[in-house]
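> Quick one: sequence and predicted model below, then my questions.
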Amino acid sequence: MTGPEGQGTPSGGHGLAGQDAEPPQASGPAGAERVVSSVADADDRAIEGALRPKRLSELVGQVRVREQLSLVLEGALRRGRPPDHVLISGPPGLGKTTIAMIIAAELGAPLRITSGPAIERSGDLAAVLSTLSEGEVLFIDEIHRVARPAEEMLYLAMEDFRVDVVIGKGPGATAIPLEIASFTLVGATTRAGLLPAPLRDRFGFTAHLDFYEPEELGIIVRRSAGLLGVALRDDGADEIAGRSRGTPRIANRLLRRVRDYAEVRADGVVTRDVACAALDLYEVDDTGLDRLDRAVLSALVHRFSGGPVGLSTLAVAVGEEAETVEVVVEPFLVRAGLMARTPRGRVATPAAWERLGLVGPPAAAADHATLFG
Ligand code: ADP
């Protein structure tokens, strides 16, 4: 069987056309400059194909999602019918695209990749849907960005495997129903909250990806080192894993940066000392926080006395897009117990104050953090 990696399609196959269509925040300066950015850059995309696990059994971590998904897929295979549509949500770099590819591989089905921003009109979607083959997996990345008129077409396609093609304009316009092949939609989103309820409800299976534990990232880094031929000691792997912000994409990127360092400044072997020296050079601290993370924390604590402060105000204070702060920075800070979301805004937790070497928040901010954290 050919894996999905090998299947070219008009919309880009697994290839760069689909993945190039990154959401705007992906190409922003934060995405490009930060060595721990969870958003893919061109370098990542070139290498990710080789590092992606190809089957469910190779997927590290996300145990619950893996088990649930394996049931969904196994059931569908037994019935000989395409499985329910699948929605995968979670911050960038946690494996949404990887899982979409795995779903196609496990089903032995072809895969078509596109993205929300590439679907500007219903015609764009109709062109994709009407050329799907029976059982094909359609992956729409950043599905919350699909244009409104196309969204309605998607509802009908997901439910009835039909699209209404409108011919003509104005009062004379007629809708011609067109049968399409039964397919499985895999939607990925970094912002599940933005999905309209009717779209969300049409997914039979929803998987939320969470940040990975350092041990899981350690396994991923070792696996990648094997595939890339990097000489990696166990303590070096642990060091990289611990600084990877819970994100496989970052773990793989840090491995490549550390390998460069090991080859140029050391004997090519990645040990803990080499990893520490390289990552210090790239200003990745020992918990994975990078410059932007630290800038956000520092603004929160120093400029807004620990909050609460609104997301957009915070973003302006660090010179970033609100969406970048919300999608890329905030989830990890919340997960690391450094920031809390409250109904009145973002607050720094006592741990954040400690991290910045400060004695502690005024009582009011601490209350917020524990009350809503
Ligand atoms: P997303 O689509 O969520 O932004 P990707 O699926 O593109 O993330 O994953 C980014 C990279 O991280 C992939 O190339 C893959 O090598 C690696 N990766 C992601 N999840 C896993 C996992 N569970 N196990 C091993 N590697 C993973």
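Sure thing, it's come through.

> what's the closest non-adjacent residue to the residue nearest the centre of the chain?
For the chain, residue 92 is the residue whose C-alpha lies nearest the centre (C-alpha atoms, centre = their mean; 2.5 Å). Leaving aside its chain neighbours, residue 92 sits nearest to residue 38 (4.3 Å; criterion: C-beta to C-beta, 6 or more residues apart in numbering). (C-beta placed from N, C-alpha, C; glycine too.)

> Tell me how many other residues surround the one you found.
Neighbourhood size, residue 38 [other C-beta atoms under 10 Å]: 27.

> isn't it right up against residue 96?
No - between residue 38 and residue 96 there is no contact, the gap being 11.4 Å when judged by C-beta atoms under 8 Å.

> Just say helix, strand or coil for residue 283.
Three-state call for residue 283 (DSSP: H, G, I helix; E, B strand; the rest coil): coil.

> contacting residues around it?
Counting by C-beta atoms under 8 Å, 6 or more residues apart in numbering, residue 283 touches 35, 290-291.

> what do you get for residue 282?
With contacts defined as C-beta under 8 Å, 6+ apart, the neighbours of residue 282 are 35, 254, 257.

> State the pLDDT value of the last one.
Just to be clear, that refers to residue 257. Here, the pLDDT recorded for residue 257 equals 95.

> before we move on, what about the second one?
Residue 254 is assigned a pLDDT of 95 by the prediction.

> Please, which helix or strand holds residue 138?
According to DSSP states H and E, residue 138 maps onto strand 137-141.

> Now do that strand: everything it contacts.
Strand 137-141 is touched from outside by 4, 18-19, 21, 96-97, 100-101, 103-104, 107, 109-116, 119, 128-129, 132, 146, 183-188, with contacts defined as C-beta under 8 Å, 6+ apart.

> one more time with 7 Å, if that's ok
By C-beta atoms under 7 Å, 6 or more residues apart in numbering, the residues outside strand 137-141 that reach it are 18, 97, 100, 103-104, 107, 109, 111-116, 128, 132, 146, 183-188.

> what stretches of the chain score poorly on pLDDT?
When residues are selected by pLDDT under 70, those of the chain lie in 1-34, 360-373.

> isn't the residue nearest to the centre of the chain right up against residue 39?
Yes - under the criterion of C-beta atoms under 7 Å, residue 92 makes contact with residue 39 at 5.0 Å.

> Report the secondary structure state of the residue nearest to residue 92.
Assigned state for residue 38: coil (three-state reduction, three-state DSSP).

> First-to-last residue distance for stretch 89-98?
One end of stretch 89-98 to the other measures 13 Å (C-alpha to C-alpha, to the nearest Å).
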